[in-house]
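**Q** fold the stuff below for me.
(one chain, ligands or ions: 2)
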Amino acid sequence: MKIFCVGDVVSRVGREMLHTHLRRVIDENDISLTVINGENLSHGHGMSRRAYEEMTDCGVDGFTLGNHAWDCKEIVNLMMYNKNIIRPANFSDRCPGKGSMLLTARNGQRVGVINLSGQTYMNPCSCPFEAAEREIKSLKKETDIILVDFHAEATSEKQAMGWYLDGKVSAVFGTHTHVQTADEMILPSGTGYITDLGMTGAVYSILGMERKPVIERFITGMPQKFSVADGEGRLCGCIFDINDKGITENVTRISIM
Ligand SMILES: [Fe+2]
Ligand SMILES: [Fe+2]
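**A** Ligands and ions are numbered 1, 2, ... in the order given. Have a look, this model is predicted:
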């Protein structure tokens, strides 16, 4: 089964890239399930109901989040009524929503998805490794096909998670840094891995934001008003080809401009 995982989708440019290309990618590659990171869907900050509905209409089956999970207040209600949205499992237990979900792919197979947040250079959260173990234990009762979106800043922490979960899940992919890495591989015990899927959003930008205020901020150290960038877009993600035992047989990096 082929699963298409798309990194942080940023604002209108990112959503339009999925409008334009997702159906074709699904058809051409015989994709059974599509999961995106939705933390930046609405003006770069969180996911509104409108953005959620727009993306499900495009063919998106599941949504993960990250440090921007709560930026848009509608998310609390959205998560309550839609079981295909998760936030990092190692956020406080008092947070709304869940850290893992079970989705049904187009071919009828069940797929578990876990969302985790890193601890290095990220907001405080509990141990992602322990949270992964806990979520895997419960999902394994239902399926052998499990994906992990590790929303984290540090490459070393992401690689550590990949190696820690090798053979325990089908794929570990990173999100949050908004730049696609070229290190996709299959780890020795069959887990597909990439450090970051990359951003789907404006190409001529700094992580999806207008360049000028970001540069100004670096030069002056003074606060600036950031706004999302417009213009030409790029769609970034990975297709994981996973067998019935949950082993990844192929990883294909996707970058469409
Ligand atoms: Fe992001
Ligand atoms: Fe993030």
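
**Q** would D57 count as being in a helix?
**A** Yes. Assignment of D57 by DSSP: H, G, I helix; E, B strand; the rest coil places it within a helix.

**Q** how many residues are close by it?
**A** A total of 10 residues lie near D57 under the criterion other C-beta atoms under 10 Å. All C-beta spots, glycine's among them, are computed from the backbone N, C-alpha and C.

**Q** can you check the pLDDT for it?
**A** For D57, the pLDDT comes out at 97.

**Q** the one 10 residues further on too?
**A** In this prediction, N67 carries a pLDDT score of 98.

**Q** looking at it, it is touching C125, isn't it?
**A** No. The criterion here is C-beta atoms under 8 Å, and N67 misses it with C125 at 9.2 Å.

**Q** between these two, what contacts are shared?
**A** Common contacts of N67 and C125 (C-beta atoms under 8 Å, 6 or more residues apart in numbering): S117.

**Q** what about the residue nearest to the spatial centre of the chain, distance to ligand 2?
**A** Computing the C-alpha centroid of the chain and ranking residues by C-alpha atoms, centre = their mean puts N37 first, at 3.2 Å. Distance, N37 to ligand 2, by C-beta to the ion, to the nearest Å: 8 Å.

**Q** with M209 instead?
**A** 13 Å.

**Q** burial check on that residue, number of neighbours?
**A** 21.

**Q** same check on I186?
**A** Neighbour number of I186 under other C-beta under 10 Å is 18.

**Q** identify the bridge partners of it.
**A** Per DSSP bridges, the residues bridged to I186 are G192.

**Q** now do F173
**A** D149, I194.

**Q** nearest residue to N77 in space, ignoring adjacent ones along the chain?
**A** R49 (7.7 Å; C-beta to C-beta, 6 or more residues apart in numbering).

**Q** quick one: that neighbour and C58, what's the gap?
**A** Distance, R49 to C58, using C-beta to C-beta, to the nearest Å: 15 Å.

**Q** the two: who's more crowded?
**A** Taking neighbours as other C-beta under 10 Å, R49 and C58 compare with C58 leading, 19 against 15.

**Q** ok, the residue in the stretch 101-250 of the chain that ligand 1 sits nearest to - contacts?
**A** Nearest residue of the stretch 101-250 of the chain to ligand 1, counting by C-beta to the ion: H176, 5.3 Å away. H176 is in contact with 8, 37, 66-67, 118, 122, 151-153, 196, counting by C-beta under 8 Å, 6+ apart.

**Q** list the buried residues of the helix ranked longest in the chain.
**A** Longest helix of the chain, by residue count under DSSP state H: helix 11-29. Residues of helix 11-29 classed as buried by neighbour count (16 or more other C-beta atoms under 10 Å): 11-18, 21-22, 25-26.

**Q** can you list the residues of the stretch 151-257 of the chain near ligand 2?
**A** Residues of the stretch 151-257 of the chain lying near ligand 2 by C-beta under 5 Å from the ion: H176.

**Q** can you pull out the strands in the stretch 151-257 of the chain?
**A** Along the stretch 151-257 of the chain, counting by DSSP state E, counting those that start in this stretch, strands occupy 171-175, 185-186, 192-194, 201-202, 233-242, 248-256.

**Q** pairing partners for the longest one, with directions?
**A** It stands for strand 233-242. strand 2-6 (antiparallel), strand 201-202 (antiparallel), strand 248-256 (antiparallel).

**Q** pLDDT of stretch 189-200, averaged?
**A** So the average pLDDT for stretch 189-200 ends up being 98.
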